[in-house]
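Q: what follows is a protein structure lacking sequence information:
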Ligand code: TXA
Ligand code: MG
C-alpha cells in the first residue's frame, strides 16, 4: 500500500527529497494524476516504465514550473512563449526540440521533448521546489483508465509505489492537449485534451492542423506522438460507442449491459443506466468520465454501451477517449 500524503509544506519538502534521490510519487495535476520521477535521473525514469508496464518507445511529459524553466531542457521559440503567456500554467503540453541533458529514456530516443506546466496548486508548489524537471505520465497501468483521484492511483499502482500526494479530484478529468510547436509556421495538435483547440486557434487568429476527430488510428499522429495508440484508456469491460441512446435503446438493454449517457435522462430509467453529468456541461462530463468508467468496470457488466459527446470543444477530447476505450 502507498502512503497517501496531504499537501502540507513538510510533506512537499520530503517528497522533493524522495524525488531527488530517485523515488516515484503519485501526483495530482489539474487533468489526471501523474506518476512522477526526477526527469534528469534515467534510472528513476526507467522505473516509471516498469511500474506502468509501459513500452519504452512511448515518451514521457516533463513538468516545469514555468516558461523560464524551459530553456534548460528544450529549444524555446516565440510561439511557445506566446502560448505559455496565455495558457500556462494550464493543460497545454508542447513538443519542442530537446536539449542534451534530457535523458534518452524520457523521450524514447526522439530529438524532441514534451513539456508542460501544471496549474494544480499543490503539484505546482512541488515542481517549484524541485530544481529539476519532473517526468510524469498518467498514473495508470498502460492502456487502462487514467486516475482522477489519489484513491484511483492507490487502487491501480498502490502496491508498486511508496507515496501519493493527495490533491483532491482532478478539475478537468481528461489529459492535457498536446501541440507540436517545433515548426512555428505549422503548429500541430497531436492529442485532443483539456484545453479546447478552439481556444488556441482564437489566440493565434487562425486554424491549426489537427487529427480527424473520428480517425481513431491516425497513423501520421501515431508516428509523431508514439503514445497515440488506438486502444487506450480502456476499461476491462468491453465498451461500445454509439452516436446517441434513445429511450427505446435504454428499454432494449439487457440486465447485464450498462448504458453510459452524457447527461441525466428526463424519463425514469433502470438501475443499469448511468450518466456523466446532471447538466450536460462538457466540463462536468469530462470531470466524471474516468471515475465513472472505473466504477462501471467494477460492477461486472458484460458490456458498457456509451453515448458520444457533442463533437466540439472539450467534447473532442471526451470522444477521443471513449473511442479509444471502445477499440478492441
Ligand atoms: O495531462 C497530462 O498530460 C498528464 C498529466 C499527468 O500531466 N500526462 C499524460 O502523460 O497524459 P502520458 O504519458 O499519459 O501521455 C503523454 C503523451 C503520450 O501519448 C506520448 O507518446 C506523448 O505524450 N509524447 C511524449 N513525448 C513526446 C514527444 N517528444 N513527441 C510526441 N509525443 C510525445
Ligand atoms: Mg496516459
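A: Arrived safely, thanks for sending. A quick note: this is a predicted structure, and the numbers were derived from the prediction, not measured. Ligands and ions are numbered 1, 2, ... in the order given.
Q: worst-scoring helix or strand of the chain, pLDDT-wise?
A: helix 219-224 (a mean of 62; mean pLDDT, DSSP states H and E).
Q: how about residues contacting the next helix-or-strand element following that one?
A: Sequence order places strand 239-242 as the next helix or strand after helix 219-224, per DSSP states H and E. Outside of strand 239-242, the residues within contact range by C-beta atoms under 8 Å, 6 or more residues apart in numbering are 249, 293, 303-308, 319, 322-323, 325-326. C-beta here means a position set from N, CA and C on the backbone, and glycine is covered the same way.
Q: list the buried residues of strand 239-242.
A: 239, 241 (16 or more other C-beta atoms under 10 Å).
Q: got it, and stretch 82-99?
A: 83-84, 87-96, 98.
Q: now residue 47. Nearest residue, chain neighbours left out?
A: Counting by C-beta to C-beta, 6 or more residues apart in numbering, residue 24 is the residue found nearest to residue 47 once chain neighbours are left out, at 5.6 Å.
Q: pretty sure that neighbour sits against residue 46.
A: No: Residue 24 is beyond contact range of residue 46, at 10.5 Å (criterion: C-beta atoms under 8 Å).
Q: and those two? Which one has more around it.
A: residue 24 (27 against 15; other C-beta atoms under 10 Å).
Q: which of the buried residues of stretch 82-99 are close to ligand 1?
A: Restricting those to those near ligand 1 by C-beta under 6 Å from any ligand atom leaves 91, 93, 95.
Q: as a markdown table, these with secondary structure, pLDDT and distance to residue 200 would be great.
A: Converted to a markdown table, these look like this (DSSP: H, G, I helix; E, B strand; the rest coil; pLDDT from 0 to 100; distance: C-beta to C-beta, whole Å):
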| residue | secondary structure | pLDDT | distance to residue 200 |
| --- | --- | --- | --- |
| 91 | coil | 98 | 11 |
| 93 | strand | 98 | 12 |
| 95 | strand | 98 | 14 |
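Q: can you tell me which of those residues is nearest residue 122?
A: Nearest to residue 122 among these: residue 91, at 15.8 Å, using C-beta to C-beta.
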